[in-house]
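Q: With the sequence up front, the predicted model follows.
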Amino acid sequence: ALVSPASNGTDQPLSVNLTANVTDADTSNLTVKYYTRRTGKARAGEDFAVVALPDTQYYSAEANGANATWFSAQTDWIVGEMDARQVKFVMHLGDITDQGALDWQWANATNAMYRLENKNTTLLTHGIPYSVAVGNHDQVPIGNPEGSTELFNRYFGVHPETGVNHFVGKPYYGGTQVPHSADNNYTLFSAGGLDFIVISFEYDTSPDPEDMAWADALLKSHPNHRAIIITHHMVNTGNPATFSPMGQGIYDALKNNPNLMLMYGGHIHGEGRRSDTYEGRTVHSVLADYQSEVGGNGWLRIMKFSPRNNQIEFTTYSPTLNQWKTTDSSQFVLNVDLQSGRDEFSE
């Protein structure tokens, strides 16, 4: 039980006693260790936005009442709002297509997503930085992580014939877990005086140890980058939502990294979120997937990061409907640490 200083206390004297009451019913001899880290403040910069695109599969497939123009409307809106909202990154949550074996669905998807790369409309040499995750419908057969992701890699990863990564030359692209495939990939971006790393895992029903080791090494080699983790099925609906087996495995494997702050996914129809605290640090996990609403109705998620307020404000908007979702599960604020340093704890 903590005695002093008070939890989350500030303005402490330069010399302060750390005091806690400890008991152990099994023995009278105890060894107590304190773990500390430097809390140097990051520069609290200007607000900025990150946009999440959930489950675009029915737009690419023009199914369930949707059509491909809804997908393009999303990315056109992002480009059009880039300056006003200071959009610094876009992340696709997986299920880019409905049938990953059909080339024409990938053509619809690239027609939309590649608009983020257009230097003539974005006025950026490399376009708006973005990441893509492999969903179960992007796999062949559907939902088989041991199957093929040939077309995903042809258009958003390592080309199966040339071996060239689609993102080669884009400075924000960090790399892939293995040279021949971008099924697991990571990207980097900076905004508001902060650095971020975004790791995207291929859809799976449970984590593979080698995948977790790769991501853990990335987080430890980028300790000053705040980390966002994406996998297609991260959590389920509700608040607090339950983890998927993959989401639970990712959290368990990576929670010891001080820079882990946000995890995101789609797949399950609806909205959900949960918050987990480990060693005093909170990790928020979020779900957004609207495909059960007339193919998705064009909904996307906008995350407004406010470093000065240590907050992320979530809103949900559809360029197709020109409407905002205003339920408590569609618009909310999460408290996050966007100012403290990211140093490791030391004994």
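A: Nice, I can see it. Predicted, not measured: the structure shown is a model, and the values here were computed from it.

Q: ok, and the closest non-adjacent residue to T277?
A: Closest residue to T277 apart from its sequence neighbours, by CB to CB, 6 or more residues apart in numbering: V283 at 7.7 Å. C-beta: built from backbone N, CA, C; applies to glycine.

Q: Wait, that neighbour touches D252, no?
A: No. Assessed by CB atoms under 8 Å, V283 is found out of contact with D252, at 11.1 Å.

Q: Tell me which of these two has more neighbours.
A: V283 (21 against 13; other CB atoms under 10 Å).

Q: got the contact list for the residue nearest to T277?
A: Y251, K255, L260, M261, L262, M263, S275, D276, T277 (CB atoms under 8 Å, 6 or more residues apart in numbering).

Q: ditto for V50
A: V50 makes contact with V87, K88, F89, V90, M91, A191, I228, I302, M303, F305, according to CB under 8 Å, 6+ apart.

Q: Let's see that with 7 Å instead.
A: When the contact criterion is CB atoms under 7 Å, 6 or more residues apart in numbering, the partners of V50 are K88, F89, M91, M303, F305.

Q: hmm, back to that, you'd agree the residue nearest to T277 is in a strand?
A: Yes. Counting by DSSP: H, G, I helix; E, B strand; the rest coil, V283 is part of a strand.

Q: quick one: it and V198, what's the gap?
A: To V198, V283 is 15 Å away according to CB to CB, to the nearest Å.

Q: Turn the contacts of V50 into JSON lines, including distance to I312, pLDDT and neighbour count.
A: Output for these, formatted as JSON lines (distance: CB to CB, whole Å; pLDDT from 0 to 100; neighbours: other CB atoms under 10 Å):
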{"residue": "K88", "distance to I312": "13", "pLDDT": "98", "neighbour count": "20"}
{"residue": "F89", "distance to I312": "13", "pLDDT": "98", "neighbour count": "24"}
{"residue": "M91", "distance to I312": "13", "pLDDT": "98", "neighbour count": "24"}
{"residue": "M303", "distance to I312": "5", "pLDDT": "98", "neighbour count": "21"}
{"residue": "F305", "distance to I312": "5", "pLDDT": "98", "neighbour count": "26"}
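
Q: Out of these, which is nearest to S131?
A: Nearest to S131 out of those is M91 (CB to CB; 4.9 Å).

Q: quick one: which helix or strand includes that closest one?
A: Following DSSP states H and E, one finds M91 within strand 87-92.

Q: contact partners of the very next helix or strand once past that strand?
A: For strand 87-92, the following helix or strand on the C-terminal side (DSSP H and E) is helix 103-113. Helix 103-113 is contacted from outside by 56, 60-61, 68, 71-72, 74-75, 96-99, 151, 155, using CB under 7 Å, 6+ apart.

Q: Run through the helices of the stretch 151-300 of the chain in chain order.
A: Along the stretch 151-300 of the chain, the segments classed as helices by DSSP state H, counting those that start in this stretch run 209-221, 245-254.

Q: out of the ones you listed, which comes closest to G163?
A: G163 lies closest, by CB to CB, to one member of the helices of the stretch 151-300 of the chain: helix 209-221, at 20.1 Å.

Q: Any buried residues in that closest one, and which?
A: Using 16 or more other CB atoms under 10 Å as the test for burial, helix 209-221 gives D211, M212, W214, A215, L218, L219.

Q: is it true that V79 touches K119?
A: No. With contact defined as CB atoms under 7 Å, V79 does not count as touching K119 (11.1 Å).

Q: Cool, thanks, signing off.
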